[in-house]
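Student: Sequence and predicted structure below; questions after.
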Amino acid sequence: MKHIDRRSFLSGALAVGGAAFVHRAHASAAVSGFLAPRREKLPVLVLLELSGGNDGLNTVVPHGDDAYYRARRRIAHAKGSVRDLDGFVGLAPALEQLHTEYGEGRVAIVQGTGYPEPNRSHFKSAEIWHTARATGRESGPGWIGHLANEVWEDEVHPDRIVHVGRQLPYSLQSRRHPAISLRTPRNYRWAGNGEDIAGLDVERDASDDRDERSQIDFLRDVMRDARSSSLAVRQAVARYRPSVEYSEADLSQSLAVCAALIDAGIGCQVLSVEHGGFDTHDDEVDRHARCLAQLDAALGEFTRDLRAKGNDTDVVVLAFSEFGRRVNENASGGTDHGTAGPMFVLGSRVAGGLYGAHPSLTDLDDRGDLRHTTDFRSVYATVVERHFGASAERVLGDRYRALDFLPRA
């Protein structure tokens, strides 16, 4: 990777987005000494969203199933090109480094993930994945917001939750734990939630009561912390010298920033990135291969960098998409919105292997789509319980069976 230009990076301006009103009891935590490096080992989760609806059948390929080749006469991967895993399924040809990581026991593939009564809208299905609740945004904060409330309660830390990308995903929305939104390399803003507080410095109506003024004072304190945090985060990235060469692709650069923030030890514990382009309604063979090749390269660079720096032991990467694709190819050489698909979990703590049953390509639902075999919230529950040591039921709002890709606490 070309080192991120320090001058241009540090010139990034901090812009206040917004915040929900919170209780003044949180203020003392918000102004604590967050600038001092935190070198103790903390659990770190890296969320990787494959936006657009990744075609799971051309990612984890059922090359041992003749129904796959009957349904996809033009876009199926040839048997000899698939990177075999167990004789029945294998990884797409572009996933060379992920296949190597799998062979070394550091990749868990959870097959057939989805949820009951699937929604094929990008926006609504993403809401369900981001909140872990069937009603989506109507249910309240994102699932990471619930996790933050459960694990860190009133201990507000302005660098704890970071999204590297253009738009803060709803999964990070929290009423008490505002996230950072970081665009590489120049733009960085504190991404608060809820009501817009850009005009907080204007005079307020004389009818405001004392509690409201205290809330405003608290928000000003958080904003001041966020400005200082901005400098700490930008300096951490600008000073980082990776152990591998990252490509210039957006995902690689985003994960390079994640590696820098993990290495800096400033308290980042949830990092989020996005990799788009998976809405392959046409020309899927070439388009999907490019997306997977970029994914493979970026994950390979990131995991090697973490290991070389000794930062891999407490990091779990969770890759997901809002839905899979239809079983049958369409007339445009692509696939349309579907339902179930695989999730990937990577890390040195991960017990690699295949989890969950691969969905049947012949026993389909009434719309001709795959029936999910594993609720995606079981994957979340495993991370909540076994990585962060929290109550999955409290975070996710219901009980879901944990899987064994992470060791029990």
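Tutor: That came through fine. Predicted, not measured: the structure shown is a model, and the values here were computed from it.
Student: what sits opposite the residue nearest the centre of the chain in the beta ladder?
Tutor: The residue lying closest to the centre of the chain (Cα atoms, centre = their mean) is Leu47, at 1.9 Å. Here Leu47 sits in beta bridges with Ser272, Leu318, going by DSSP bridges.
Student: In contact with Val82, which residues?
Tutor: Val61, His63, Gly90, Leu91, Ala92, Pro93 (Cβ atoms under 8 Å, 6 or more residues apart in numbering). For the C-beta atoms, the positions are set from N, CA and C on the backbone; glycine is no exception.
Student: try 10 Å this time
Tutor: 58, 60-64, 76, 89-93, 95, 99 (Cβ atoms under 10 Å, 6 or more residues apart in numbering).
Student: For the stretch 51-200 of the chain, which segments are assigned as helices?
Tutor: 66-71, 96-103, 122-131, 143-152 (DSSP state H, counting those that start in this stretch).
Student: Which members of the contacts of Val82 are the farthest-apart pair?
Tutor: Spanning the widest gap among the contacts of Val82 are Ala76 and His99, at 18.4 Å by Cβ to Cβ.
Student: which stretches of the protein form strands?
Tutor: Under the criterion DSSP state E, the chain contains strands at 44-50, 60-61, 83-84, 90-91, 107-114, 161-164, 179-183, 187-191, 270-275, 315-320, 341-346, 353-355, 374-375.
Student: Return, as residue ranges, the portions of the stretch 51-200 of the chain with sub-threshold pLDDT.
Tutor: 184-200 (pLDDT under 70).
Student: go again using 90 as the cut-off
Tutor: Counting by pLDDT under 90, the low-confidence segments of the stretch 51-200 of the chain come to 154, 156-159, 165-167, 175-176, 178, 180-200.
Student: repeat for the stretch 251-400 of the chain
Tutor: Counting by pLDDT under 90, the stretch 251-400 of the chain contains low-confidence ranges at 368.
Student: Wait, Glu117 touches Ala134, no?
Tutor: Yes: counting by Cβ atoms under 10 Å, Ala134 is a contact partner of Glu117 at 7.5 Å.
Student: These two: who's more crowded?
Tutor: Ala134 (15 against 9; other Cβ atoms under 10 Å).
Student: from memory the more buried one sits against Tyr115, does it?
Tutor: Yes: using Cβ under 10 Å, Ala134 is in contact with Tyr115, at 7.2 Å.
Student: Which neighbours do the two have in common?
Tutor: Ile128.
Student: Surely Leu85 and Gly353 touch.
Tutor: Yes: counting by Cβ under 10 Å, Gly353 is a contact partner of Leu85 at 8.8 Å.
Student: Show me which of the two is the more surrounded one.
Tutor: Set Leu85 next to Gly353 and count neighbours by other Cβ under 10 Å: Leu85 wins out with 19 against 15.
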